[in-house]
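**Q** coordinates only, no sequence provided:
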């Protein structure tokens with residue numbers, strides 16, 4: 001077995017949406033978006049995962065460009081460049097994989113339906129493998145990545161004895177109003193919105209393959225009663241998932 005494989009920076013976004021549930025406290029709960037990976041994929045074939053992927057050079061370039069623009073809107077003031085690049089990567093991947101754009105039209109204005117319609121052509125180009133589509137989209141449509149709406153949740157690093165390794169940051173974000181998920185049909189062949197508890201039940205029955213970091217994240221999310229409670233705790237810097245890398249021999253194993 002080859003040791004010491006290089007580690008790629010990566011980012012994922014855990015999208016949630018508030019829902020009414022008879023089983024939840026005060027009737028409030030939230031669902032999580034998970035996509036089913038194509039069985040032909042090299043990474044996590046046939047598993048349910050959060051939207052995300054490896055960082056690209058464009059993400060770092062955009063982070064430098066938007067640093068000053070995000071200075072006053074980030075919860076902790078001036079954004080860390082590495083974290084901002086990870087957030088932009090998560091936003092880009094979410095758009096490409098699920099068709100959901102976490103961005104605004106200047107001054108925090110939500111993206112209009114007409115703008116969302118125009119974004120479909122950009123997504124088709126990105127899925128066809130065309131380079132530099134996301135930076136072009138932001139520039140031509142006058143959009144700003146909604147990085148302050150992504151809240152740091154966890155960090156997972158693949159143990160050194162795996163041939164493919166990632167250093168991944170996980171963020172939580174609310175589904176923007178008026179948007180819906182549409183999986184890309186290539187990397188993701190299906191998607192589901194489910195309550196955290198429902199995911200754990202399906203997983204325990206052997207019908208819902210999850211990677212270890214995904215499972216641990218959902219277990220932590222299941223301890224929160226509402227989207228408001230979860231986002232509130234994350235804004236306070238309370239991180240529910242701990243990720244001791246030396247104790248993860250089953251990091252990439254579907255459980």
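**A** Everything's here; your move. For clarity, every value in this text was computed on a predicted model and none was experimentally measured.
**Q** any low-confidence regions in this protein?
**A** Scanning the chain with the threshold set as pLDDT under 70 gives 1-5, 21-27, 69-79, 107, 239-255.
**Q** and after the biggest strand by length in the chain, which helix or strand comes next?
**A** Counting residues, the longest strand found in the chain (DSSP state E) is strand 7-20. Along the chain past strand 7-20, the next helix or strand (assigned with DSSP states H and E) turns out to be strand 28-37.
**Q** so what strands line up beside that next one?
**A** As defined by DSSP bridges, the strand partners of strand 28-37 come to strand 7-20 (antiparallel), strand 48-49 (antiparallel), strand 188-194 (antiparallel).
**Q** tell me how far the longest strand of the chain lies from the chain's centre.
**A** The chain centre lies 3 Å from the centre of strand 7-20; the measure is Cα atoms, centre = their mean, to the nearest Å.
**Q** out of the strands paired with strand 28-37, which is closest to residue 201?
**A** Distances from residue 201 to each of these were compared using Cβ to Cβ; the minimum, 9.3 Å, belongs to strand 188-194. Placement of C-beta: from N, CA and C, glycine included.
**Q** what's next to the closest one, contact-wise?
**A** With contact meaning Cβ atoms under 8 Å, 6 or more residues apart in numbering, strand 188-194 is reached by 17, 31-39, 48, 51, 97-98, 181, 183, 202.
**Q** flag every buried residue along it.
**A** 188-189, 191-194 (16 or more other Cβ atoms under 10 Å).
**Q** okay if I get these as TSV plus distance to residue 146?
**A** Listed next are those as TSV, based on distance: Cβ to Cβ, whole Å:
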residue	distance to residue 146
188	22
189	27
191	21
192	24
193	20
194	24
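**Q** between the residues you listed, which sits nearest residue 165?
**A** Where the buried residues of strand 188-194 are concerned, and distances follow Cβ to Cβ, residue 165 has its nearest neighbour in residue 188, at 22.3 Å.
**Q** against residue 60, how distant is that closest one?
**A** Applying Cβ to Cβ, to the nearest Å, one obtains 25 Å for the distance of residue 188 from residue 60.
**Q** repeat that for residue 176.
**A** From residue 176 to residue 60 the distance is 25 Å (Cβ to Cβ).
**Q** just residue 123 next, same as before
**A** Taken as Cβ to Cβ, the spacing of residue 123 relative to residue 60 amounts to 22 Å.
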